[in-house]
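J.: Sequence first, then the predicted structure, then my questions.
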Amino acid sequence: MELTRSCLVVHGRDLADDRGAAARHMVWCRRTDELVDGPNASHITPQALDRWERRLEDLFAGRPYDMLDAALSDTITKFPIDIQPFKDMIDGMRTDLKKARYKNFDELYMYCYYVAGTVGLMSVPVMGIAPESKATAESVYGAALALGLANQLTNILRDVGEDARRGRIYLPQDELAEAGLSDEDIFKGVVTDKWRKFMKRQIKRARMFFEEAERGVTELRKESRWPVWASLLLYRQILDEIEANDYNNFTKRAYVGKAKKVLALPVAYGKSLLLPSSLRNNQT
Ligand SMILES: CC(C)=CCC/C(C)=C/CC/C(C)=C/CC/C(C)=C/COP(=O)(O)OP(=O)(O)O
């Protein structure tokens, strides 16, 4: 407790009593330094991740280190949140420090679970399952996991060129080989028919995960559905934009324009008014 208290004092100011933006900024800067090992470092280090994990355990035990930890500590007292997805996410980041290739989709799936599926699992206890829903908790968590995976796969497909320039290829190596493509082709970054065919298959799979996620959104509490629908519809459109760019994700960033984003909001709102699909299916 002694340690916790002293950790809340930064640059002589007691952050527990200071709600100003400057204090929050200081905490944020310090927090970032903590994570990247030194103020000018640009990479997260294994030591920083170890420290992050210790802080995670501390805050789950009611000993937050700073104001942001305290916010999460408060959240876990209010909602039934498990520490495991948080630990898994840190493990996913450890993997990312060591691994720059994925043999097959199973390996990629695991990576996507660790860095993004976990976010879905963390969110459900806060968003809540609708009291009227007849769906099993397992199926709702499955849908949340699917949305994390769909988002991460989309992110990977959007960033192929950017990742390659950092020496990373987050695409299943066996599927690349099957399509007659090599790492060299990715580094060269030329859109060919082979690439288009490969990309069509990857996009199709990401859309399947979005579809699985859709079945779970309606089971969430009414007030949680709108933002989830909005994020799902917006992120899924990145896949349409990759197609519109004729699969050039090497040098063109797939981007959803403002008008489409604004349009997605009322559509998402309309969808959020639908009854849980578990009830609709029972009605017929
Ligand atoms: C569907 C149900 C039942 C619940 C919703 C559950 C939720 C909120 C799921 C969403 C999970 C989510 C937002 C995952 C994040 C995935 C993602 C795109 C991560 C990419 O993050 P970065 O790697 O930081 O992105 P950049 O590469 O752009 O920096």
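T.: Looks like it arrived, so ask away.

J.: residue boundaries of the helices in the stretch 151-284 of the chain?
T.: For the stretch 151-284 of the chain, the helices defined by DSSP state H, counting those that start in this stretch occupy 160-164, 173-178, 183-188, 193-217, 222-244, 258-272, 277-283.

J.: Domain parsing of this structure, as residue ranges.
T.: 1-78, 80-283 (automatic domain parsing).

J.: Can you tell me the element Ser139 falls in?
T.: Per DSSP states H and E: Ser139 is located in helix 137-158.

J.: near the ligand, anything from that helix?
T.: Yes - residues of helix 137-158 are located near the ligand by Cβ under 6 Å from any ligand atom, namely 140, 143-144, 147-148, 151-152, 155. (Glycine included, C-beta is placed from N, CA and C.)

J.: Put together CSV for those residues, with neighbour count on each row.
T.: As requested, the residues of helix 137-158 next to the ligand are exported to CSV (neighbours: other Cβ atoms under 10 Å):
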residue, neighbour count
Val140, 25
Ala143, 24
Ala144, 26
Leu147, 26
Gly148, 24
Asn151, 24
Gln152, 25
Asn155, 17
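
J.: Extract the C-alpha set from stretch 123-141 and format it as PDB.
T.: The C-alpha coordinates for stretch 123-141 follow below in PDB (Å, rounded to 0.1, in the frame of the first residue of the first chain):
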ATOM      1  CA  SER A 123     -15.500  -6.100 -23.400                       C
ATOM      2  CA  VAL A 124     -18.400  -8.500 -22.900                       C
ATOM      3  CA  PRO A 125     -18.600  -8.400 -19.100                       C
ATOM      4  CA  VAL A 126     -18.700  -4.600 -19.300                       C
ATOM      5  CA  MET A 127     -21.200  -4.400 -22.200                       C
ATOM      6  CA  GLY A 128     -23.400  -7.000 -20.700                       C
ATOM      7  CA  ILE A 129     -25.600  -9.700 -22.300                       C
ATOM      8  CA  ALA A 130     -29.300  -8.500 -22.700                       C
ATOM      9  CA  PRO A 131     -31.400  -9.900 -19.800                       C
ATOM     10  CA  GLU A 132     -34.000 -11.000 -22.400                       C
ATOM     11  CA  SER A 133     -31.400 -12.900 -24.500                       C
ATOM     12  CA  LYS A 134     -31.800 -16.600 -24.800                       C
ATOM     13  CA  ALA A 135     -28.300 -17.100 -26.200                       C
ATOM     14  CA  THR A 136     -25.700 -19.000 -24.200                       C
ATOM     15  CA  ALA A 137     -22.900 -16.900 -22.700                       C
ATOM     16  CA  GLU A 138     -20.500 -19.100 -24.600                       C
ATOM     17  CA  SER A 139     -22.000 -18.100 -28.000                       C
ATOM     18  CA  VAL A 140     -21.900 -14.400 -27.100                       C
ATOM     19  CA  TYR A 141     -18.200 -14.700 -26.000                       C
END
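
J.: picking up where we left off before, now the helix holding Ser139: mean pLDDT?
T.: The average pLDDT for helix 137-158 rounds to 98.

J.: ok so, going back, quick check, nearest of the residues of helix 137-158 next to the ligand to Ala268?
T.: Closest approach to Ala268 among the residues of helix 137-158 next to the ligand (Cβ to Cβ): Leu147, at 13.4 Å.

J.: Provide a list of residues in contact with the closest residue to that closest one other than its chain neighbours.
T.: Of all residues not flanking Leu147 in the chain, Ala213 sits nearest, at 3.7 Å (Cβ to Cβ, 6 or more residues apart in numbering). Contact analysis of Ala213 by Cβ atoms under 8 Å, 6 or more residues apart in numbering lists 143-144, 146-147, 150, 232.

J.: Please repeat the previous calculation with a cut-off of 7 Å.
T.: By Cβ atoms under 7 Å, 6 or more residues apart in numbering, Ala213 lies in contact with 143, 146-147, 150, 232.

J.: Partner strands of the longest strand anywhere in the chain and their direction?
T.: In the chain, with assignment by DSSP state E, the single longest strand is strand 169-172. Taking DSSP bridges as the criterion, strand 169-172 forms sheet pairs with strand 101-102 (parallel).

J.: After the partner strand, which helix or strand is next?
T.: helix 105-112.

J.: pLDDT (mean, whole number) over that next one?
T.: 98.
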